[in-house]
Structure formats: C-alpha cells, structure tokens
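**Q** build me a model:
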Amino acid sequence: MSNTDSIEIFISQWKKARPDLEPWPVGILGRTQRISAHLQARAVKWLSPLGLTWESFSLLVVLRRSGPPYALRPTDIYRESLLTSGAITNRIDQVEKKGWVKRYDSPNDRRGVIVRLTPAGRALADRAIEIHLRELAAQFSRISKKDRQALLDGLGKLLHSLESED
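**A** Numbers count the residues shown, from 1 in each chain. Here you go, the predicted model:
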C-alpha cells in the first residue's frame, strides 16, 4: 500500500511546475482540510441515527460539557463550539423545537437569553458523545499511540501559534 495521499500529489506537481517555490505548507493546510472533511462526513453518519446533525450535536455537547446547570448564553455557545456565529440562533431554534434545550431570560441581562439543556437533551448529548468518541477513536486506530501523541502535540502547537496571532 502506498503512503502517497492526494495532497502529496499536489506538492509533487507544484515542485515540477514551480521548482522555485517550497510547497510544503500546502501539505499542512491541504491535509488538515481534507481530514476535517472526511471526519465530519463520517460523524454525520454515526450521529444521524440519533436524529442529530453535526450542528445540533455541537450545540448539545457544548452545553453538556459546560457542567451543571448545562446552560450558556448564545455568545458563549458560539465561542465554545465549532459553529459559525450566524448558525447559532438557527441551531438553537432547531434543537429547542425537538425539546433538547429551553431558552430562559437571563437573570443578569434583561435583553439576554440563557440556553439550557433539558433532561432529554442531556441524555441525548451523553449518548451522542459516547458514540462520537468511540467512532473517532476507531478512525485513528491505525496510528500508533506514539504517533497520535506527536500529532496532538504538533497540531496543538500550530493552533496555539495561530490563535495567539488573532
């Protein structure tokens, strides 16, 4: 089995087309984008039997991992999730219609809202995160523990450097 992936082909082509350039950054960006797309598509498959989309899953697990009382402002949900700011109100509407969250007036801000997991939402979030972590681990099972740790360390350093520039 060849270790050449689709991005390695891009790099090779750029080396031939423009030998004056160093195309290695395409290797990082291209691979992280493709890996993300593959994993998100697979996650949709294992979450859909629970009635969850990627977005509704992300919203529920943000609330669940926030700890008791499992409630956050929409702004905090956005900040703590992998969702875009434009999607938050829509996503809250969708999961509220399913009975997984409930909106409450904020006690500290008359104009503000707090979104809280319902008991049904908490049970679903618990079930979904168990499935999600198990399936993600299976996706990474071909990588040795040592290589996984090196990947975690390298990606952590990269993300930290990018976030510290913002």
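**Q** A137 looks like it's in a helix, true?
**A** Yes. The assignment for A137 by DSSP: H, G, I helix; E, B strand; the rest coil puts it in a helix.
**Q** ok, residues contacting the helix ranked longest in the chain?
**A** The longest helix of the chain (DSSP state H) is helix 24-47. Contacts with helix 24-47, where a contact means Cβ atoms under 8 Å, 6 or more residues apart in numbering, come from 5-8, 10-11, 14, 53-54, 57, 128, 131-132, 135-136, 139, 155, 158. All C-beta atoms are positioned from the backbone trio N, CA, C, and that covers glycine.
**Q** using CSV, list the CA coordinates for that helix.
**A** C-alpha atoms of helix 24-47 as CSV (Å, rounded to 0.1, in the frame of the first residue of the first chain):
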residue,chain,number,x,y,z
TRP,A,24,5.3,22.1,1.9
PRO,A,25,2.7,24.5,3.5
VAL,A,26,0.1,23.0,1.2
GLY,A,27,0.8,19.7,2.9
ILE,A,28,-0.3,21.0,6.2
LEU,A,29,-3.3,23.1,5.1
GLY,A,30,-4.5,20.6,2.5
ARG,A,31,-4.3,17.6,4.8
THR,A,32,-6.0,19.3,7.7
GLN,A,33,-8.8,20.4,5.4
ARG,A,34,-9.3,17.0,3.8
ILE,A,35,-9.0,15.2,7.2
SER,A,36,-11.6,17.5,8.7
ALA,A,37,-14.0,17.0,5.7
HIS,A,38,-13.6,13.2,5.9
LEU,A,39,-14.2,13.1,9.6
GLN,A,40,-17.1,15.4,9.6
ALA,A,41,-18.8,13.4,6.9
ARG,A,42,-18.3,10.2,8.9
ALA,A,43,-19.5,11.9,12.1
VAL,A,44,-22.7,12.8,10.3
LYS,A,45,-23.2,9.1,9.5
TRP,A,46,-22.9,8.0,13.1
LEU,A,47,-24.9,10.9,14.6
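**Q** show me what the helix or strand that it is followed by is packed up against.
**A** Counting by DSSP states H and E, the element after helix 24-47 in chain order, helix or strand, is helix 54-65. Judged by 3 or more Cβ pairs under 8 Å, 6 or more residues apart in numbering; DSSP states H and E, helix 54-65 is in contact with helix 24-47, strand 71-72, helix 74-80, helix 85-97, strand 101-105, strand 113-117, helix 119-139.
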